[in-house]
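A.B. asks: Here is my input; please provide its structure:
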Amino acid sequence: MISSPMDELLAQLRAAAEPTRLRLLALCARGAFCVSDLCAVLGQSQPRLSRHLKLLVEAGLLDRVPEGANAYFQLPADAEVARLVLARLPEDDPLLAADRRAAVRLAAERAREASEAFRRDGADWDEVRALGLPADAIEQAILGLLPPEIPHFLDIGTGTGRLLELAADRTGRALGIDASRDMLALARARLAERGLAGRCTVRQADMYRLPLPDAGFDVVALQMVLHYAEDPAAALAEAARVLRPEGLLVVADLVSHERAELLERHVHRWPGFDDAALAGWLGAAGCAPLPPVTVPGPLAVRLWPARRLPGFVAPAAALTF
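C.D. replies: Numbers count the residues shown, from 1 in each chain. The predicted model follows:
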C-alpha cells in the first residue's frame, strides 16, 4: 500500500513525539554523530539509542550514513518537519543545553585525539603547508572565485574540512567528501568544535563514484586533489556530473614542475598540470574553462575555474555506478 503525504507526516510526528528522540534530533541538527558519541552525550545505552535512531531513520527524520564499521546520523537536507519541530523547542531548556555542552566537549576531545594521531603517525595531512606553499594566498584566491551565496557546495577531497570552514558563511548546505576515515574524523571534529556542523557535513566516498545525484550542487571544488588521481579526466567528469548547469567548478592544484621527489615522497601521481591538459579534460566533462588564476610560491599553484555547460550529456562511462 502506498502511503499518502498525510500518512508520512503523521509517521514523522509520531516518531518525533518522544523525549529521547527529540534530544537526538536536536543533536543531529547540529552535526553528524555516531551511536557511541550519542551514548556518551545522552548517557544512555547503545541498544536503547539504536532503537530510537532506527525509528527516526525509518520515518525519514534522520539519515544514516555508513562509514567503515561506523554509521553517522544527521538531518537530511530536506528535513522540513524535523526543523519545524526543533524550532519550537526552547533554547534555554536545561536538558537540551546540557546535551549541547556535552557535545561541544566531545567534539573538542575528538579533535584533540585526531590531531594527536596525525602528529604521532607523522602524516602530512595539511599538504599545502607541508610543501611550504602560501596557504593564506591560495585560500584567498579560491574565495575570490566563489560566489557570495552558494546554496549547495561540494568539496571533493576535503581533508581536514578547511575549505568548508572558509566557505561556511556563504553556503546554505556544504558537503565534504574524502576517502580517508582518519581525515573525516578530524574534519568532523573540527567543524563541530567551530559550531559549523549543522550546515557543513562530511562523508566517505570515492571521487570516481560519488553517491550523489546529478546536478545537485551549485559549486564543486577540488583543492590539491587532482595530482593524486590515477585518472584526472574521470575525476573531473564525475565532479561535473553532480554540478548543476551553469554551476561553477574550481580546480586548485600544482602547475607542472620538475620536482621528481614529490612523486615518491608525497605519492603524487602527476607532477602538476598545464593549462592545455586541464582545458581538454574540463571540455570533455562538459565545462567551459574560465581564465585561470596563478598563486606564486616555491611551487606555483593555479586555479582553473569552469562553468558547467547546459544541455551537456556525459558519456555513459562517467555515469556508471
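A.B. asks: mind checking the longest strand of the protein?
C.D. replies: strand 243-254 (DSSP state E).
A.B. asks: What helices and strands are in contact with it?
C.D. replies: Contacts defined by 3 or more CB pairs under 8 Å, 6 or more residues apart in numbering; DSSP states H and E place strand 243-254 against helix 135-145, strand 217-223, helix 232-241, helix 275-284, strand 301-308. Yep, even glycine has a C-beta here, placed from its N, CA and C like the rest.
A.B. asks: could you dump those to a markdown table with mean neighbour count and distance to Val255?
C.D. replies: Converted to a markdown table, those look like this (neighbours: other CB atoms under 10 Å; distance: least, CB to CB, whole Å):
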| stretch | mean neighbour count | distance to Val255 |
| --- | --- | --- |
| helix 135-145 | 15 | 12 |
| strand 217-223 | 25 | 14 |
| helix 232-241 | 23 | 14 |
| helix 275-284 | 17 | 9 |
| strand 301-308 | 23 | 5 |
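A.B. asks: Mind checking these for the one nearest to His257?
C.D. replies: strand 301-308 (10.5 Å; CB to CB).
A.B. asks: So what are the sheet partners of the closest one and their directions?
C.D. replies: Strand 301-308 pairs in its sheet with strand 243-254 (antiparallel), strand 287-289 (antiparallel), strand 293-295 (antiparallel), by DSSP bridges.
A.B. asks: So which bits of the longest one are buried?
C.D. replies: If I follow you right, that is strand 243-254. Within strand 243-254, the residues that count as buried by 16 or more other CB atoms under 10 Å are 243-244, 247-254.
A.B. asks: Which residue lies nearest the spatial centre of the chain?
C.D. replies: Residue closest to the mean C-alpha point of the chain, counted by CA atoms, centre = their mean, is Gly176 at 1.3 Å.
A.B. asks: And the helices in this structure?
C.D. replies: With DSSP state H, the ranges of helices along the chain come out as 5-16, 19-28, 35-42, 46-58, 80-87, 94-121, 127-130, 135-145, 162-167, 181-193, 232-241, 261-265, 275-284.
A.B. asks: just the CA coordinates of the longest strand of the chain, formatted as CSV?
C.D. replies: Once non-C-alpha atoms are left out, strand 243-254 reads as follows in CSV (Å, rounded to 0.1, in the frame of the first residue of the first chain):
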residue,chain,number,x,y,z
LEU,A,243,27.2,20.2,-10.8
ARG,A,244,24.1,22.0,-12.0
PRO,A,245,24.1,23.7,-15.4
GLU,A,246,25.9,27.0,-15.2
GLY,A,247,27.4,25.9,-11.9
LEU,A,248,31.0,26.6,-11.0
LEU,A,249,33.8,24.0,-10.9
VAL,A,250,37.1,25.2,-9.2
VAL,A,251,40.2,23.1,-9.5
ALA,A,252,43.2,24.2,-7.5
ASP,A,253,46.4,22.3,-8.0
LEU,A,254,50.1,22.5,-8.7
